[in-house]
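>>> sequence and computational prediction follow.
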Amino acid sequence: MTPTRRAFIAGTSLLPLSVPFLEWGASPARAEAASLLRRPIPSSGETLPVIGIGTSRRYEVEPSAAAVAPLREAVQRFVALGGTVIDTAPSYGTAEDVLGLILNQDGLREKVFLCSKVGTPGREGGAAEIARSFKRLNTPMIDLVAVHNLIDPTANLATLRDLKAEKKIRYLGVTVWRDSQFADLEALMRREPLDFIQVNYALDDRAAATRILPLAAERGMAVMVNVPFGRDRLFKAVQGRELPPWTAEFDCASWPQFFLKYVLAHEAVTCPIPGMAKAAYVEDNLGAARGRMPDAGQRARMEAFVDAL
């Protein structure tokens, strides 16, 4: 748990446990009734809730009942509150196995937009890795498979196109996780038709907004955002600080919502995917998908605030 999240949850310890973090003073019924903001996948028009779950690190646990229990609770709460997008990868240790257990034992698979990746070069190697993902996730269909970190995109995209034609996957894309990959990502986006890209973008890591996000909008590509909390740098930067009162202008009730609303305020962004291993994190993070988003002036103020820390 990051220091800021620990302090945040401790500071709410006197609240009734049934009251979600996402709307201070709201009843549980009102909070659950409030719908999440949705955005379209440009290539199809299908809409998705704008906050998803990322499973890197946090879901890499032993696939035992005790270890999986808090993750199951988090996913159950996520779906109950209207979330659908869950992102994983074969390189995330046991995450695919754990997610397969949760989604199938609890009957949640049909309610989830399931995403995975392929990160092995070559047609045979990539196809074999994807086949293992189907088995580990225990599903006959994966909604989105993306080429992980641009690994052999020519071979892997060819495989993904075949799987899409066979209706074994519904969408395909590519991912990166650091700014140094942007030049290669941009070149690929210009020459390949992609349904999705996944990119690093955060309040303290804004380079993607210069060329990548505008190009995604131009090319009709949905954008998933990894590390929207700046690899926890943002939590460390605001540790011990009160949320500025002006954040109420865009319905922000916590630091996680502050960081997520900044990302979501860019209209090219479809869905950030923060890690959420506890139900309390789910409730808090999904609060960013409700209410007003910061406008251009407020986003500039958020940037100046974080840059001055």
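That came through, no problem. Numbering: from 1, shown residues only.
>>> ok, Arg132 - contacts?
Arg132 makes contacts with Pro90, as judged by Cβ atoms under 8 Å, 6 or more residues apart in numbering. Heads up, the C-betas are built off the backbone N, CA and C, glycines and all.
>>> hang on, it in a helix?
Yes. Under DSSP: H, G, I helix; E, B strand; the rest coil, Arg132 sits within a helix.
>>> tell me the spacing between it and Tyr92.
Shown here: Arg132 relative to Tyr92, a distance of 13 Å by Cβ to Cβ, to the nearest Å.
>>> same check on Met221?
Using Cβ to Cβ, Met221 is found at 23 Å from Tyr92.
>>> same thing with Ile151?
Applying Cβ to Cβ, the value for Ile151 to Tyr92 is 15 Å.
>>> equivalent analysis for Ala207, please.
From Ala207 to Tyr92 the distance is 25 Å (Cβ to Cβ).
>>> swap in His148?
According to Cβ to Cβ, His148 and Tyr92 sit 10 Å apart.
>>> show me where pLDDT drops low in this protein?
Across the chain, residues meeting the criterion (pLDDT under 70) sit at 1-33.
>>> and the helices in it, which stretches?
For the chain, the helices defined by DSSP state H occupy 3-11, 28-33, 65-80, 95-105, 123-137, 153-165, 182-191, 212-219, 233-237, 255-264, 279-286, 296-307.
>>> Met221 and Tyr92: which has the busier surroundings?
A direct count of neighbours by other Cβ atoms under 10 Å for Met221 and Tyr92 places Met221 higher, at 24 against 21.
>>> name all residues that make contact with that one.
Counting by Cβ under 8 Å, 6+ apart, Met221 makes contact with Pro42, Ser43, Gly173, Met189, Leu194, Asp195, Phe196, Ile197.
>>> and Leu114, by the same measure?
Ile86, Thr88, Leu99, Leu103, Leu137, Thr139, Ile142, Asp143, Leu144.
>>> cool, and Val61?
Residues counted as contacts of Val61 (Cβ under 8 Å, 6+ apart) are Ala67, Val68, Leu71, Thr94, Val98.
>>> recalculate using a threshold of 6 Å.
Residues counted as contacts of Val61 (Cβ atoms under 6 Å, 6 or more residues apart in numbering) are Ala67.
>>> ok, it to Pro193 distance?
Distance from Val61 to Pro193, by Cβ to Cβ: 37 Å.
>>> Thr247 now?
For Thr247, the distance to Pro193 - Cβ to Cβ - is 39 Å.
>>> for those two, indicate the residue with more neighbours.
Applying other Cβ under 10 Å to Thr247 and Pro193 shows that Thr247 carries more neighbours, namely 20 against 12.
>>> with adjacent residues omitted, what lies nearest to the more buried one?
Once flanking residues are discounted, Thr247 sits nearest to Phe258: 5.9 Å by Cβ to Cβ, 6 or more residues apart in numbering.
>>> re earlier: in the contacts of Leu114, find the pair that's most separated.
Leu103 and Leu144 (14.8 Å; Cβ to Cβ).
>>> count of neighbours near the residue lying closest to Gln105 once chain neighbours are set aside?
Closest residue to Gln105 apart from its sequence neighbours, by Cβ to Cβ, 6+ apart: Arg72 at 7.9 Å. Neighbour count of Arg72, defined by other Cβ under 10 Å: 18.
>>> Arg72 contacts Ile102, correct?
Yes. Assessed by Cβ atoms under 6 Å, Arg72 is found in contact with Ile102 at 4.9 Å.
>>> and Gln239, how many residues sit next to it?
Other residues within reach of Gln239, judged by other Cβ under 10 Å, total 14.
>>> could you measure the closest residue to Glu267 other than its chain neighbours against Glu46, distance?
Closest residue to Glu267 apart from its sequence neighbours, by Cβ to Cβ, 6+ apart: Ala217 at 7.4 Å. Distance check for Ala217 against Glu46: by Cβ to Cβ, it reads 17 Å.
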